[in-house]
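**Student:** Quick one, fold the following:
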Amino acid sequence: MSKKLNILFCIILVIFLPSCSRDSENRGRQTIFLNFPTANMGGAVFTIGAALANIWNENIDGVLVSAEASNGGVQNLGLMATGDAHVSVAVTSIITEQKQGAGVFSGRAYEGVRILSALYSNYNQIGVDSAISGLTDLRGRRFAPGAPGSTTEIEARLHMTRAGMNYPEDFRAQFVGFAEAVDLMRNRQLDGVWVQAGIPTAAVSEMYLTAGGRLISMDEELVRRMTEEFSWYNLDYIPAFTYEGQSEDIRTTSITITLIVDEKLSDDLVHEMTRTLWENIDRLKASHSALNDVTLECAVLNLAGLPLHPGAERYYKEAGVF
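**Tutor:** You can find the predicted model right below:
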């Protein structure tokens, strides 16, 4: 009987110990928490960021990405500099300014931002009521250039000053995000709004459908000034019928928006995040049409000389695009 009990005990050990080992291994592995500030809830970036966070959470073991709304790129970069953001989104212009400690980042230089991927073009979109036909017609009007310190607000300031306007003295400013601005337009409390986002973006669609607004083109001379003075701007057009009720192409400027990570993230983690992004790109594209033309080959283009994270660079070399 004793011999039989010994044999039974050995069998139980063989079955049980591997399970205990796996449980111990899982308990010993710490979850990596990544904060992911995105942008205003009315724009493409918020929607895309939430979808991407879900993709990473479902496909990378031991990682928990928390996507949340923010005031946009300027705030995102500030949070990354203080260690409160690990992955985020920003346009190449303000990343460059932060690296140089220039513009809104004067005295606050931070060189730790790295690119994971270029995403798509962000378009400057000027939404107005029917009484306004050009940017300078906004003098004396109620206008929302963006939330305080946001990328959108910086874009409005740069363009309006180059158009010869005194910013913000020439108009009655409401410093709110563009989702809130469209609500104000609908209630006839605002005459116009500056939007910087991929196309189409929900706030502009809503403006056309419910607030009686429309987009106006920038003057050719203004676009020329912007593209000559700042290397990151492009002459671009919002094609007719991008929005219901938009019957003609809208001339404007665009800029590359990028997915960024902090340099402190490990090479292996960022490699896995990059691989998972591109292996699930069709699912991510389904989250917003701004990504329709995104390709792997474009992931490393138009980065204004900004550095890739080594983990991302390793993936692009393996994929043959870098």
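**Student:** beta partners for the most centrally placed residue in the chain?
**Tutor:** In the chain, the residue lying closest to the centroid (Cα atoms, centre = their mean) is V89, at 3.5 Å. For V89, the beta-bridge partners are L259 (DSSP bridges).
**Student:** any idea how far it is from T274?
**Tutor:** Distance, V89 to T274, using Cβ to Cβ, to the nearest Å: 15 Å. (Glycine included, C-beta is placed from N, CA and C.)
**Student:** isn't the residue nearest to the centre of the chain right up against G49?
**Tutor:** Yes: taking Cβ atoms under 8 Å as the definition, V89 is a contact partner of G49 at 6.4 Å.
**Student:** Find residues that contact each of these two.
**Tutor:** Counting by Cβ atoms under 8 Å, 6 or more residues apart in numbering, the common neighbours of V89 and G49 are T38, A39.
**Student:** any chance you could map the strands in the stretch 201-322 of the chain?
**Tutor:** For the stretch 201-322 of the chain, the strands defined by DSSP state E, counting those that start in this stretch cover 214-216, 234-238, 250-262.
**Student:** which of those strands sits most buried?
**Tutor:** Across these, averaging neighbours per residue (mean count of other Cβ atoms under 10 Å) puts strand 250-262 on top, at a mean of 23.
**Student:** What mean pLDDT does that one get?
**Tutor:** What strand 250-262 shows for mean pLDDT is 96.
**Student:** Give me the helices and strands touching that strand, please.
**Tutor:** Strand 250-262 sits against helix 73-81, strand 87-91, helix 92-100, strand 113-128, helix 220-229, strand 234-238, helix 267-279, with contacts defined as 3 or more Cβ pairs under 8 Å, 6 or more residues apart in numbering; DSSP states H and E.
**Student:** can you state the direction angle for the fourth one and helix 267-279?
**Tutor:** Read that as strand 113-128. If you take axes from the mean of the first three to the mean of the last three Cα atoms, to 10 degrees, strand 113-128 sits at 40 degrees to helix 267-279.
**Student:** just how off-centre is the helix or strand just after strand 113-128 within its chain?
**Tutor:** On the C-terminal side of strand 113-128, the closest following helix or strand by DSSP states H and E is strand 142-144. Computed by Cα atoms, centre = their mean, to the nearest Å, the separation of strand 142-144 from the middle of its chain amounts to 24 Å.
**Student:** Please name the strands paired to strand 142-144 in the sheet, noting orientation.
**Tutor:** Sheet pairing for strand 142-144, assigned by DSSP bridges, gives strand 172-173 (parallel), strand 192-197 (parallel).
**Student:** Can you flag the weakest of those strands by average pLDDT?
**Tutor:** The minimum mean pLDDT among the strands paired with strand 142-144 belongs to strand 192-197 (a mean of 94).
**Student:** residues of that one that come out buried?
**Tutor:** By 16 or more other Cβ atoms under 10 Å, the buried positions in strand 192-197 come out as G192, V193, W194, V195, Q196, A197.
**Student:** Among the residues you listed, find me the one that's closest to A203.
**Tutor:** Taking Cβ to Cβ as the measure, A203 sits nearest to V195 out of those, at 6.0 Å.
**Student:** Touching, the closest one and A203? I think so.
**Tutor:** Yes: V195 lies in contact with A203 (Cβ under 8 Å); the separation is 6.0 Å.
**Student:** show me the contacts for the residue lying closest to R251 once chain neighbours are set aside.
**Tutor:** Ranked by Cβ to Cβ, 6 or more residues apart in numbering and with sequence neighbours excluded, the top spatial neighbour of R251 is S217, at 4.1 Å. Listed by Cβ under 8 Å, 6+ apart, the contact partners of S217 are D249, I250, R251, T252.
**Student:** Then G311?
**Tutor:** Shown in contact with G311 (Cβ under 8 Å, 6+ apart): L265, S266, D267, D268, L269, V270, H271, E272, M273, T274.
**Student:** hang on, the earlier thing: could you report the separation of the residue nearest to the centre of the chain from V182?
**Tutor:** For V89, the distance to V182 - Cβ to Cβ - is 21 Å.
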